[in-house]
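K.L.:
coords please:
(4 chains)
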Protein chains: 2
Amino acid sequence: MAINSRFAVGVHILSLLEINKGGRNTSDYIAGSVNTNPVVVRRIMSMLSKAGLVLTSPGVAGATLARPIGEITLHDVYKAVRDDDADPLFAVHDKPNPDCVVGKNIQGALETSFNQAQAAMENELAGVTLDTVIRSILQQES
Amino acid sequence: MAINSRFAVGVHILSLLEINKGGRNTSDYIAGSVNTNPVVVRRIMSMLSKAGLVLTSPGVAGATLARPIGEITLHDVYKAVRDDDADPLFAVHDKPNPDCVVGKNIQGALETSFNQAQAAMENELAGVTLDTVIRSILQQES
DNA sequence: TTTTTTTGTAACAATTTTAGTTACAAATTC
DNA sequence: GAATTTGTAACTAAAATTGTTACAAAAAAA
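P.N.:
Presented below is the predicted three-dimensional model:
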């Protein structure tokens, strides 16, 4: 489980905002659905807000989606919930020996392949909208 | 940096075994190139060995590749260095509220998309052989 | 054959990451 | 004015990651 659950929780939150659109989606209520602490929800909600995916106001209960569900992709959420948006999927040991041919060049040699693999993954996520996820949730229910 | 550096170190080790084929590739020597502790190298080497990518013997210095470099992919290494080969790339919160429509179905709804994204990433890795990596290392050197 | 070297692995430690919790100011609602 | 809610900081607990120490078993070297 290399990618932390903030991503899945982020999708959960957005799905709930849509499905429970009429209701009062406080962090407390959402936390009850996710089964976690309200502060964890607010923390992730804050990231979604900074990424422009949801609209919130201090003191005002709930949040609303900033865009139609067909225009929010899993990739948008993936990027939104990362601490450092630049940090790569694959870690590389940071101080290989520069006096060794392999040590000196391994980082550069891996960069291209690792970037391609990450891009392929992100591209798949970009092809899935919140709409699809919500449809799947509701379909399983019926 | 979601995927730990054992993967990159694994590729480093295999590359070094090939490039320094004539030499004496003890865990101590390899550790010097990676810039880590020899035990860390032996631990990863053990995983590579169990995956059938290298051949080693207790007490005998060094290791050799079990297959030609054109027949070892980054995906082989990726799978080799994972603790639990089954554990997925994307973590999902494990106890969402079953009394909520979203909580009850979010795991199933995410499974398909997450699996596809992971498969796309692994597929890219499967398209890169150790041969390509080594070529890149040597090319950067010249 | 004795000594040294090396692998393989267990046990432990240090550091970092992740998730959860407490606390509280600021804004809004009741 | 009292109660509720967001937003955020600070802290705690647990887990993962990486590095280290220790040592048996096997092989190589002396």
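
K.L.:
does the longest helix seen in chain A come close to DNA strand D?
P.N.:
Secondary structure assigned by DSSP state H gives helix A:101-126 as the longest helix of chain A. No: applying C-beta under 7 Å from any atom of the strand, one finds helix A:101-126 separated from DNA strand D by no less than 13.3 Å. Backbone N, C-alpha and C define where each C-beta goes, glycine included.

K.L.:
mean confidence for that helix?
P.N.:
What helix A:101-126 shows for mean pLDDT is 98.

K.L.:
the nearest residue to residue A:70 once chain neighbours are set aside is in what secondary structure piece?
P.N.:
Spatially, and ignoring its direct neighbours in sequence, residue A:70 is nearest to residue A:131 (4.6 Å; C-beta to C-beta, 6 or more residues apart in numbering or on different chains). In the assignment (DSSP states H and E), residue A:131 maps to helix A:130-141.

K.L.:
now residue A:94
P.N.:
Judged by DSSP H and E, residue A:94 forms part of no helix or strand.

K.L.:
and it, its phi and psi?
P.N.:
In terms of degrees, to the nearest 10, the main-chain angles of residue A:94 are phi -90, psi -20.

K.L.:
what's the separation between it and residue B:140?
P.N.:
18 Å (C-beta to C-beta, to the nearest Å).

K.L.:
with neighbour numbers in mind, choose between these two.
P.N.:
residue B:140 (14 against 9; other C-beta atoms under 10 Å in any protein chain shown).

K.L.:
hmm, residue A:105 and the more buried one touching each other?
P.N.:
Yes: using C-beta atoms under 8 Å, residue B:140 makes contact with residue A:105 at a distance of 4.2 Å.

K.L.:
what sits up against the helix holding residue A:131?
P.N.:
With contacts defined as C-beta atoms under 8 Å, 6 or more residues apart in numbering or on different chains, helix A:130-141 is touched by A:11, A:14-15, A:18-19, A:65, A:69-70, A:72-74, A:77, B:101-102, B:104-106, B:108-110, B:112-113.

K.L.:
buried members of these into ChimeraX, please.
P.N.:
ChimeraX command restricting those to the buried ones, with burial defined by 16 or more other C-beta atoms under 10 Å in any protein chain shown:
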select /A:11,14,15,18,19,65,69,72,73,74,77 /B:101,102,104,105,106,109,110,113
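
K.L.:
chain center to stretch A:4-12, what's the gap?
P.N.:
Remark: stretch A:4-12 is offset 6 Å from the chain centroid, using C-alpha atoms, centre = their mean, to the nearest Å.

K.L.:
gap between the residue in chain A that DNA strand C sits nearest to and residue B:2?
P.N.:
The nearest approach of chain A to DNA strand C comes at residue A:59, 2.6 Å away (C-beta to the nearest atom of the strand). Here the criterion is C-beta to C-beta. By it, residue A:59 lies 35 Å from residue B:2.

K.L.:
helix/strand/coil for the spatially most central residue of chain A?
P.N.:
For chain A, the residue nearest the mean C-alpha position is residue A:78 (2.8 Å; C-alpha atoms, centre = their mean). Following DSSP: H, G, I helix; E, B strand; the rest coil, the label given to residue A:78 is helix.

K.L.:
swap in the one 5 residues further on?
P.N.:
At residue A:83 the chain is in coil, as set by three-state DSSP.

K.L.:
and it, how many neighbours?
P.N.:
Using other C-beta under 10 Å, residue A:83 is surrounded by 8 other residues.

K.L.:
got the phi/psi numbers for it?
P.N.:
Per-residue torsions, residue A:83: phi -60, psi -60 (degrees, to the nearest 10).

K.L.:
give me the distance between it and residue A:44.
P.N.:
From residue A:83 over to residue A:44 the distance is 12 Å, taken as C-beta to C-beta.

K.L.:
same question, residue A:136
P.N.:
In terms of C-beta to C-beta, residue A:136 sits 21 Å off from residue A:44.

K.L.:
who's more crowded, the two?
P.N.:
Between residue A:136 and residue A:44, residue A:44 has the larger neighbour count (other C-beta under 10 Å), namely 25 against 20.

K.L.:
these two touch, right, the more buried one and residue A:11?
P.N.:
No: using C-beta under 8 Å, residue A:44 is not in contact with residue A:11; the gap is 10.2 Å.

K.L.:
and residue A:55, helix, strand or coil?
P.N.:
Per three-state DSSP, residue A:55 ends up strand.

K.L.:
isn't it up against residue A:45?
P.N.:
No: in this structure, residue A:55 is not within contact of residue A:45 by C-beta under 8 Å, at 10.5 Å.
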